[in-house]
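Novice: just the structure for this:
(one chain, ligands or ions: 2)
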Amino acid sequence: MSNTRVAVIGAAGRMGATVCAAVEGADDLELVGRYDAGDDLGDLGGADVVVEFTVPASSPANVRRALALGADVVVGTTGWSSERVAALEADLAGFPGRGVLIAPNFAIGAILMMEFARKAAAFYESVEVIELHHPNKVDAPSGTAARTSALIAAARTEAGLPAVPDATTDDPDGARGARVDGIPTHAVRLRGLVAHQEVLFGGEGEMLTIRHDSFDRVCFMPGVLTAVRRIGDHPGVTVGLEHYLGL
Ligand SMILES: NC(=O)C1=CN([C@@H]2O[C@H](COP(=O)(O)OP(=O)(O)OC[C@H]3O[C@@H](n4cnc5c(N)ncnc54)[C@H](O)[C@@H]3O)[C@@H](O)[C@H]2O)C=CC1
Ligand SMILES: O=C(O)C1=N[C@H](C(=O)O)C[C@H](O)C1
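Specialist: Residues are numbered from 1 along each chain as shown. Ligands and ions are numbered 1, 2, ... in the order given. Take a look at the predicted model:
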């Protein structure tokens, strides 16, 4: 069987460069193109699979370009709101058989953290999500935090839970953070960090903390390579690598 040809968009970035090295180190994959801002994407090297790690504003156009060239697309870039996903799903009707995976986080521990948080959500009156990242990150809250809060909110609604208790009436500077689907969601930016998240659940007399830490971007690579290898079996738009992992 021939190797899967892979092109990377955002190849000069922190994630893109790490993905290029991981693809080059895999015996069953061939790196056929590296593209970054300002590059002509051309035919994307004839890639079977395009991996996209750029910025939220550029990601949808890059995905559509890759689909038009006949590639499946593994997307790590954040900022894919439900409206963006719906527009992509409509577009994908024009590319039968093609697959797009949008994964807010490829680290196995982060995927499990979201799954555990979803399971815990129905059992606690209070919950807050705190994400902590390196200060070069351009978006807040992180894609992982936004998805975690959305999953928790959906689970709370399904369980019939009311809004989280919060007596705050005076908060002129937004000290209580953002609300994602009603869930308080906080972003910390600190030199020295990579990517970290805590989900705090509170009930009468107890607290459950679920925490994940990414210390090095290599932690995302097994997930990215799994996505590249399995995307051919997943036509259509999939949000979250958990759907490729049987979770
Ligand atoms: N899903 C996941 O597991 C992870 C997702 N991310 C996300 O990946 C994205 C990239 O993160 P980093 O690599 O840390 O950022 P970065 O800033 O280091 O890299 C982004 C790269 O994209 C390039 N770029 C910008 N616009 C472009 C365009 N139109 N075409 C081609 N290249 C373009 C930039 O020049 C830069 O080299 C962010 O959205 C981040 O949140 C980051 C880590 C893990
Ligand atoms: O920008 C980052 O670094 C990361 N971005 C993703 C996100 O926004 O959730 C994944 C991880 O947190 C690292």
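Novice: now the strands for this structure?
Specialist: Along the chain, the segments classed as strands by DSSP state E run 4-9, 29-35, 49-52, 72-75, 99-102, 126-133, 178-180, 183-189, 195-203, 206-214, 236-239.
Novice: buried sites along the third one?
Specialist: Going by neighbour count (16 or more other CB atoms under 10 Å), the buried part of strand 49-52 is Val49, Val50, Val51, Glu52. Any C-beta I mention is one placed from the backbone N, CA and C, and that applies to glycine too.
Novice: next one: the residue in the chain that ligand 1 sits nearest to, what pLDDT does it get?
Specialist: Per CB to the nearest ligand atom, Gly13 is where the chain lies closest to ligand 1, at 2.0 Å. For Gly13, the pLDDT comes out at 98.
Novice: how far away from the center of its chain is stretch 153-172?
Specialist: 24 Å (CA atoms, centre = their mean, to the nearest Å).
Novice: buried sites along it?
Specialist: Neighbour-count burial for stretch 153-172 flags Ala153, Ala155, Arg156, Leu161, Val164 (criterion: 16+ other CB under 10 Å).
Novice: mind listing what the closest residue to the second one other than its chain neighbours touches?
Specialist: In other words, Ala155. Nearest residue to Ala155 in three dimensions, chain neighbours excluded: Ala121, at 3.7 Å (CB to CB, 6 or more residues apart in numbering). Going by CB atoms under 8 Å, 6 or more residues apart in numbering, Ala121 touches Val127, Leu151, Ile152, Ala155, Arg156, Ala159, Leu161, Phe201.
Novice: before we move on, what about Ile231?
Specialist: Counted by CB under 8 Å, 6+ apart, Ile231 has contacts Val49, Asp72, Val73, Val74, Gly99, Leu101, Tyr244.
Novice: among these, who's most crowded?
Specialist: Val74 (30 neighbours; other CB atoms under 10 Å).
Novice: which stretches in the chain count as helices?
Specialist: 14-24, 59-68, 82-92, 108-120, 143-158, 221-230 (DSSP state H).
Novice: looking at the ones you listed, which is closest to ligand 2?
Specialist: Judging the helices of the chain by CB to the nearest ligand atom, what sits closest to ligand 2 is helix 143-158, at 3.3 Å.
Novice: hmm, the closest one in reach of ligand 2?
Specialist: Yes. Legend: contact between helix 143-158 and ligand 2 by CB under 6 Å from any ligand atom is shown at Gly143, Thr144.
Novice: what's the angle between that helix and strand 206-214?
Specialist: Angle, helix 143-158 to strand 206-214, by axes from the mean of the first three to the mean of the last three CA atoms, to 10 degrees: 150 degrees.
Novice: quick one, helix 143-158 and strand 126-133 angle?
Specialist: Using the same axes, to 10 degrees: helix 143-158 against strand 126-133 is 170 degrees.
Novice: next, the angle from helix 143-158 to helix 82-92.
Specialist: Using the same axes, to 10 degrees, helix 143-158 lies at 100 degrees relative to helix 82-92.
Novice: what's helix 143-158 packed up against?
Specialist: Judged by 3 or more CB pairs under 8 Å, 6 or more residues apart in numbering; DSSP states H and E, helix 143-158 is in contact with helix 108-120, strand 126-133, strand 178-180, strand 183-189, strand 195-203.
Novice: so what's Ala159 up against?
Specialist: So Ala159 contacts Ala121, Ala122 (CB under 8 Å, 6+ apart).
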